[in-house]
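**Q** Build me a model:
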Amino acid sequence: MKRILIGSLLALTSAAAFAEAPGGPSCGWGNMLFKGQSGFGSHFVASITNGTSGNATFGMTSGTNGCSTKGTLTYGGKPMLVLGSIMDELSEDMAKGEGEALTTYAVALGVKPEDRAHFAQVTHQHFSDIFTSASATDAEVHAATLAVMKQDARLAQYASEA
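**A** Purely as a prediction, here's the structure:
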């Protein structure tokens, strides 16, 4: 069961983000065909058109189809790291200072293998700062973990809002 939850968490953290469309918001034949339309259906079909024909990728490399790679990609959605499904296991592992859920969390945060034991030790030492109450939410735990990491010289490099 733990392996399924951990696998799900890793899949969620590595899934593609819904950022500004690569190549720009007007990139690809799908955007051309559905220009001026709005709503989920139009966006969905335009995305499928661009994805299945590969024209957006071609447009980005050739500078055609309304595509450009000069813009900055943005993300306006919720963080992709979802702790809710492993909160119980994570709190137990963090209290012990080791475990699969704690390792999964370290991997999702981008902590390198050589720093994971240190991550486990630091989060174990700051357990009460991270899990401030039995009803702490996943967002609160994540924010508190990042705050603890920012104060550690070795872990600060991983403490971004990813």
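**Q** switch to C-alpha atoms for all contacts and neighbour counts from now on
**A** Fine.
**Q** pLDDT weak spots in this protein?
**A** Low-confidence segments of the chain, defined by pLDDT under 70: 1-25, 71-82, 161-162.
**Q** Residue ranges of each domain in it, please.
**A** 2-11+80-158, 19-74 (automatic domain parsing).
**Q** Present the ones you listed as TSV; the columns should include mean neighbour count.
**A** As requested, the domains of the chain are exported to TSV (neighbours: other Cα atoms under 10 Å):
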stretch	mean neighbour count
domain 2-11+80-158	17
domain 19-74	16
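**Q** Let's verify S133: helix, strand, or coil?
**A** coil (DSSP: H, G, I helix; E, B strand; the rest coil).
**Q** Oh, that last question was meant for N65, not what I typed.
**A** Of the three states, N65 takes coil under three-state DSSP.
**Q** ok, it - contacts?
**A** 27-29, 55-56, 59 (Cα atoms under 8 Å, 6 or more residues apart in numbering).
**Q** roughly how far apart are it and A156?
**A** Counting by Cα to Cα, to the nearest Å, the gap between N65 and A156 amounts to 42 Å.
**Q** For whichever strand or helix holds A120, what is the distance to the chain centroid?
**A** Using DSSP states H and E, A120 maps to helix 116-125. Centroid separation for helix 116-125 versus its chain: 21 Å, with Cα atoms, centre = their mean, to the nearest Å.
**Q** contacts for it?
**A** 94-98, 102-103, 106, 111, 130, 145, 148-149, 155.
**Q** Much appreciated, bye for now.
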